[in-house]
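Engineer: Predicted coordinates and the sequence they were generated for:
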Amino acid sequence: MGIKGIYGEIGAGERIALSKLAIEKFEQTGRPLRIAIDISIWQFQVQAGQGGSNPAIRTLYYRLLRLLSISVQPLFVFDGPHKPPFKRNKKTGQHGAMLPNLLTKQLLKLFGFPFHVAPGEAEAECALLQQKGLVDAVLSEDVDTLMFGCGLTLRNWSSEGTRGNKSPTHVSVYDAVKTKHGKSGLDRAGMVLIALMSGGDYITEGIPGCGIKVASEAARAGFGKSLCRISRSDAAGLEAWRNNLAHEVQSNESRFFRCKHKTLKIPEEFPNTEMLSYYTHPVVSSASKIQSLRAGIEWDGEVDVPGLRLYVAEAFDWSGKIGAIKFVRGLAPALLVHKLRIRGNRRDSGYGDVILTAMNEMQLVRAICGKRTHISSDGIPEMRVIYHPMDIVEINLDDEPDDSGDYGRNGLAPVDEDDQIEAYQSDERTARARSSSPQKRGPSAYDPAQPDKAWLPETIAKVGIPLKVEDYEESLRNPRKFITQKAAVKRAEKKGGMPKGAMDKFVSVSKPRKEAPPSVPSKSAPVSSQALPPVYLAPTLERMTSSAPPQSKQPIGCNDKIQTLSLEIKGQRSSERKANPKRKPLDTLPG
């Protein structure tokens, strides 16, 4: 598609993460990045999807999920009835190699994404929407939009690098102003001339023997600009222009070309005025239509979660509880970002009350547990949040039928009773062997009822959950002030103790019972401070040390009492050994 070899002249574009472009636009203007997308290109590309039921529509479904997760506002544009009848020597129109418009529009409505049917070709309509300011850029797969006058074109939405899950993250950015003043020096009129001379979508052969290099030199010499200024009905002007071009190509009198091209002949019917008009005067919407579209478009449509659930159940065979879990796993993180951004733009639900704001935030995000910069988003600050998927998607898994055990392969198996017993015993032996052998631990199954984690831009977190962001940033500045209960318990376990008040919820305080004081340990048995519970040890030590003169007015602590008891026992044993030196100490007797 597009002009063959044009990227060798204008370059590969600047690779930037689409999420970074979206966040920068959001920070500058307070709204997401708005892009127009020629949906016909996507309808053709998704046909390469493989596996499962309806792989084409499933591929489109995941692309739309990706757009929902990076805070952009897309406007999908469909081809209209007045588009050129031929493109790349093929008749244009709906055919078997593209996804039907009906299925595509139905899916776009469920996602809440707006779409627009152009009167003519979608690429030209997208360029017009960018010129008139309805969108900020056009997402396409070639730079034909530059020939239609688009100021900012994004192409090749794909992954960056060799690592990762190959999800699309980056785009190649082409700025018309930078392209014109850059190394190529090509503007819209120049690229139109290149398409006519070397071949494009509408006329693939171009001038026989003319390549991209010669056509680019002629465009930089100004022949494209002078051609676009000639009226389509001015036959004499077109003939004079053609003769001048042929003279310069063959003689190189004005030094526009690197060398003379004496063998290159300019045909007398060049340029084809009809093909020229497809580039210079495409069929697009009128000014009044653009104005009504600007006033009536709804950028942030509501995602129809129940409708999407029914759609994927029928289209992808995601039925039952297993299919619902697949649906929640893919939709929850994307819908979380969408809800946080919408919540930040709509401050009409009690945001003046701090308590109400905190409760609203808790419904979406439970906590923030990390911060990073990553290559997938070109280093924009991101935060890792903990959320409950079912709180975001809001469907009832109990309503989904659990048909995982409703089928098998043994119902009509032609075996007798002995074979069944032998098969059962064989299965039992296999199960015991597997349970006894060490197994490598695999990834745990996804449970939508359990908390999950997701990375999202810090800017989205600040507008969606500002109180939680403030608490998290304060915890980074003062970590001792924000020690969680779990961290406190772990710290106490390392020290060998238990945090104060940890048992309060398990016990209740009542009036103590009067009990007889325990007897004093006899001299015939060794006394240990660990032999008696602390609750009984204190009064015993108090009575044994009552004869000792107090050294201070403050009460003696438990550790001091244990030390005094030990000294008393040692003194008694020393006196006994002096009185009866032949008697063995008690602690050396056997048993």
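Structural biologist: Nice, thanks for sending it over. Numbering: from 1, shown residues only.
Engineer: tell me which helix or strand of the protein sits lowest on mean pLDDT?
Structural biologist: The weakest-scoring helix or strand in the chain, judged by mean pLDDT, DSSP states H and E, is helix 534-544 (a mean of 37).
Engineer: Show me what whichever strand or helix holds Phe26 is packed up against.
Structural biologist: For Phe26, the host element (DSSP states H and E) is helix 18-29. Contacts defined by 3 or more C-beta pairs under 8 Å, 6 or more residues apart in numbering; DSSP states H and E place helix 18-29 against strand 33-38, strand 152-158, strand 170-175, helix 458-464. Every residue, glycine included, has its C-beta placed from N, CA and C.
Engineer: ok, the first one: who's next to it in the sheet?
Structural biologist: It stands for strand 33-38. Strand 33-38 has these partner strands in its sheet, going by DSSP bridges: strand 72-78 (parallel), strand 137-140 (parallel).
Engineer: after the first one comes which helix or strand?
Structural biologist: Toward the C-terminal end, the helix or strand that comes next after strand 72-78 (DSSP H and E) is strand 86-87.
Engineer: Low-confidence stretches in the stretch 251-400 of the chain?
Structural biologist: Within the stretch 251-400 of the chain, the ranges that satisfy pLDDT under 70 run 344-354.
Engineer: how about a cut-off of 50?
Structural biologist: Scanning the stretch 251-400 of the chain for pLDDT under 50 picks out 348-351.
Engineer: surely Gly8 meets Ser198?
Structural biologist: No: with contact defined as C-beta atoms under 8 Å, Gly8 and Ser198 do not form a contacting pair (11.5 Å).
Engineer: Quick check: Lys453 vs Ala332, distance?
Structural biologist: 11 Å (C-beta to C-beta, to the nearest Å).
Engineer: Could you name every residue contacting both of those two?
Structural biologist: Common neighbours of Lys453 and Ala332 (criterion: C-beta atoms under 8 Å, 6 or more residues apart in numbering): Tyr387.
Engineer: Could you check which of the two has the larger neighbour count?
Structural biologist: Set Lys453 next to Ala332 and count neighbours by other C-beta atoms under 10 Å: Ala332 wins out with 19 against 12.
Engineer: Please identify the buried residues of the longest helix seen in the chain?
Structural biologist: In the chain, with assignment by DSSP state H, the single longest helix is helix 320-345. Within helix 320-345, the residues that count as buried by 16 or more other C-beta atoms under 10 Å are 323-325, 327-328, 330-341, 343-344.
Engineer: Report how many residues lie close to Asn101.
Structural biologist: By other C-beta under 10 Å, 16 other residues sit near Asn101.
Engineer: Report the separation between it and Ile290.
Structural biologist: Look at Asn101 and Ile290: by C-beta to C-beta, they are 22 Å apart.
Engineer: Kindly report the same for Pro457.
Structural biologist: Per C-beta to C-beta, Pro457 is found 31 Å from Ile290.
Engineer: So if I had to pick from those two, which one is more boxed in?
Structural biologist: More crowded of Pro457 and Ile290, by other C-beta under 10 Å: Pro457, with 24 against 18.
Engineer: Quick check: that one touching Ser19?
Structural biologist: Yes: at 6.8 Å, Pro457 counts as touching Ser19 under the criterion of C-beta under 8 Å.
Engineer: shared neighbours, these two?
Structural biologist: Common neighbours of Pro457 and Ser19 (criterion: C-beta under 8 Å, 6+ apart): 71, 377, 380.
Engineer: which is the next helix or strand following the helix or strand containing Cys369?
Structural biologist: Using DSSP H and E, Cys369 sits within strand 367-373. Scanning forward in sequence from strand 367-373 by DSSP H and E, the next helix or strand is strand 381-387.
Engineer: What are the contacting residues of that following strand?
Structural biologist: Here strand 381-387 makes contact (C-beta under 8 Å, 6+ apart) with 332, 336, 364-374, 451-459, 461, 465, 469, 472.
Engineer: and it with helix 18-29, angle?
Structural biologist: With axes from the mean of the first three to the mean of the last three C-alpha atoms, to 10 degrees applied, the angle from strand 381-387 to helix 18-29 works out at 100 degrees.
Engineer: If you count contacts, what does the next helix or strand after strand 381-387 end up packed against?
Structural biologist: Going down the chain from strand 381-387, the next helix or strand is helix 389-393, by DSSP H and E. Other helices and strands packing on helix 389-393, by 3+ C-beta pairs under 8 Å, 6+ apart, are helix 320-345, helix 354-364.
Engineer: same thing but 10 Å
Structural biologist: Packing partners of helix 389-393 (3 or more C-beta pairs under 10 Å, 6 or more residues apart in numbering; DSSP states H and E): helix 305-315, helix 320-345, helix 354-364, strand 452-457.
Engineer: Mind listing residues that contact that helix?
Structural biologist: Contacting residues not belonging to helix 389-393 are listed as 303, 305, 308-309, 324-325, 327-340, 362-366, 395-397, 446-452, 454 [C-beta atoms under 10 Å, 6 or more residues apart in numbering].
Engineer: and with 8 Å instead?
Structural biologist: Under the criterion C-beta under 8 Å, 6+ apart, residues 305, 327-329, 331-332, 335-336, 339, 363-364, 397, 448-449, 452 lie in contact with helix 389-393.
Engineer: CA atoms of it as CSV?
Structural biologist: Output of helix 389-393 as CSV, limited to C-alpha atoms (Å, rounded to 0.1, in the frame of the first residue of the first chain):
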residue,chain,number,x,y,z
PRO,A,389,-11.3,-7.7,38.8
MET,A,390,-14.9,-8.4,39.7
ASP,A,391,-15.3,-4.9,41.1
ILE,A,392,-14.2,-3.5,37.7
VAL,A,393,-16.1,-5.8,35.3
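Engineer: domain ranges for the protein?
Structural biologist: With domains defined by automatic domain parsing, the chain comprises 1-295, 331-398+448-499.
Engineer: of all these, which gets the most neighbours per residue?
Structural biologist: Mean neighbour count, computed with mean count of other C-beta atoms under 10 Å, is highest for domain 1-295 among those, reaching a mean of 18.
Engineer: for the helix or strand Ile194 falls within, packing partners?
Structural biologist: Secondary structure assigned from DSSP H and E places Ile194 in helix 188-198. Identification of packing neighbours for helix 188-198 by 3+ C-beta pairs under 8 Å, 6+ apart yields helix 144-147, helix 212-220, helix 223-228, helix 273-280.
Engineer: I'd like those laid out as CSV, including distance to Glu125.
Structural biologist: Converted to CSV, the helices and strands packed on helix 188-198 look like this (distance: least, C-beta to C-beta, whole Å):
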stretch, distance to Glu125
helix 144-147, 10
helix 212-220, 25
helix 223-228, 20
helix 273-280, 13
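Engineer: who wins for proximity to Gly120 among these?
Structural biologist: Among those, the nearest to Gly120 by C-beta to C-beta is helix 273-280 (9.3 Å).
Engineer: Tell me which residues are up against that closest one.
Structural biologist: Contacts for helix 273-280 (C-beta under 8 Å, 6+ apart): 84, 147-148, 192, 195-196, 200, 202-203, 227-228, 232, 238.
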